[in-house]
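Chemist: Return a 3D structure for these sequence lines:
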Amino acid sequence: MNHKIITALLLIGVAVIAFIVLKPVEQKDYSSEDIANISKALDSKFEQMGTQSHFGDKFKLDNPHSETIVESSQGVIGVIYKKQKFTWFFKAKDSKQKIDAITESFKMYFIDQLEFDKNEQPILSHIPDSMKALNTSKMRTATFKINDVEVTVSQLSGQQDVYANVRRWMTQIGLTNNSKINLKFMDDKKTIFVKMPR
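Modeler: Numbers count the residues shown, from 1 in each chain. Model prediction:
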């Protein structure tokens, strides 16, 4: 067989293999109705759970057969506000000891005293200037500090997947499916307080 033909066949073979390996995965386009239904289905898992504080009783995060309970030295405290147009996240992540120390102040400023205006924007004027911190990310609407613990405020559009966000927070501090966390539902389950680990 001619040397040029063999080379051409090899090049075609390499091109076919490269196409198979490197071709982009086809992504399904979801309509806004599909997304709303998916979010509603996931949120209903929270409604079924009520105020359970043992996350793993209802959800399996990594290995569904794992019985390991992980103790984490890190902690997260947060509150999620599910509004009509936006979902707001107020969150702090630090050592468990520091999170425990700021829990009451966090609740006071970001739950008890927090209000929203008619455009679903949080009114933050009640928070002392001494707590305001420099924003280090474009993803944040505001940043505050309570006793050197950074509290981030971020806004996402529409009805976000709350379950996925809580799960992500758990994995960020190394918690597994059987780890204990606190979840408290308020305002007809549109406001969700989260503290982890329990």
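Chemist: hang on, T176 in a strand?
Modeler: No - using DSSP: H, G, I helix; E, B strand; the rest coil, the assignment for T176 is coil, not a strand.
Chemist: Quick one, grab the pLDDT at it.
Modeler: Here the pLDDT value assigned to T176 is 82.
Chemist: And for the one 4 residues further on?
Modeler: K180 is assigned a predicted lDDT (pLDDT) of 85.
Chemist: low pLDDT regions in this protein?
Modeler: Along the chain, segments meeting pLDDT under 70 span 1-3, 8, 13-71.
Chemist: mind listing what E120 touches?
Modeler: Applying Cβ atoms under 8 Å, 6 or more residues apart in numbering to E120 gives the contacts 83-86. To be clear about C-beta, it is placed using only N, CA and C from the backbone, and glycine gets the same treatment.
Chemist: Equivalent analysis for I123, please.
Modeler: Here I123 is in contact with 114-117 (criterion: Cβ under 8 Å, 6+ apart).
Chemist: Next one: the residue nearest to F89 when sequence neighbours are not counted relative to V194, how far apart?
Modeler: Nearest residue to F89, sequence neighbours excluded (Cβ to Cβ, 6 or more residues apart in numbering): S154, at 4.9 Å. Distance of S154 to V194, given as Cβ to Cβ, to the nearest Å: 14 Å.
Chemist: and what of S72?
Modeler: According to Cβ to Cβ, S72 stands 14 Å off from V194.
Chemist: Same check on K91?
Modeler: To V194, K91 is 8 Å away according to Cβ to Cβ.
Chemist: Now do the shared contacts for the two.
Modeler: Joint contacts of K91 and V194 (Cβ under 8 Å, 6+ apart) are 76-79, 169.
Chemist: now those in TSV, with secondary structure, neighbour count and distance to N182?
Modeler: Shown next, in TSV, are the shared contacts of K91 and V194 (DSSP: H, G, I helix; E, B strand; the rest coil; neighbours: other Cβ atoms under 10 Å; distance: Cβ to Cβ, whole Å):
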residue	secondary structure	neighbour count	distance to N182
V76	strand	22	10
I77	strand	26	9
G78	strand	21	11
V79	strand	20	12
W169	helix	19	12
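Chemist: Quick one: those residues as a markdown table, columns for distance to H126 too.
Modeler: Below are the shared contacts of K91 and V194 laid out as a markdown table (distance: Cβ to Cβ, whole Å):
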| residue | distance to H126 |
| --- | --- |
| V76 | 23 |
| I77 | 19 |
| G78 | 19 |
| V79 | 15 |
| W169 | 25 |
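Chemist: and of those, the nearest to K145?
Modeler: Checking these against K145 with Cβ to Cβ, the nearest one is I77 at 13.6 Å.
Chemist: List the residues that contact that closest one.
Modeler: 91-92, 99, 102-103, 106, 194-196.
Chemist: neighbour-wise, which of those residues leads?
Modeler: For the contacts of I77, the largest number of neighbours (other Cβ atoms under 10 Å) sits with M196, at 26 neighbours.
Chemist: The closest residue to that one other than its chain neighbours: how many residues sit nearby?
Modeler: Nearest in space to M196, with sequence neighbours left out and distances taken as Cβ to Cβ, 6+ apart, is I181 at 3.8 Å. Number of residues near I181 (other Cβ under 10 Å) recorded here: 20.
Chemist: Okay then, goodbye and thanks.
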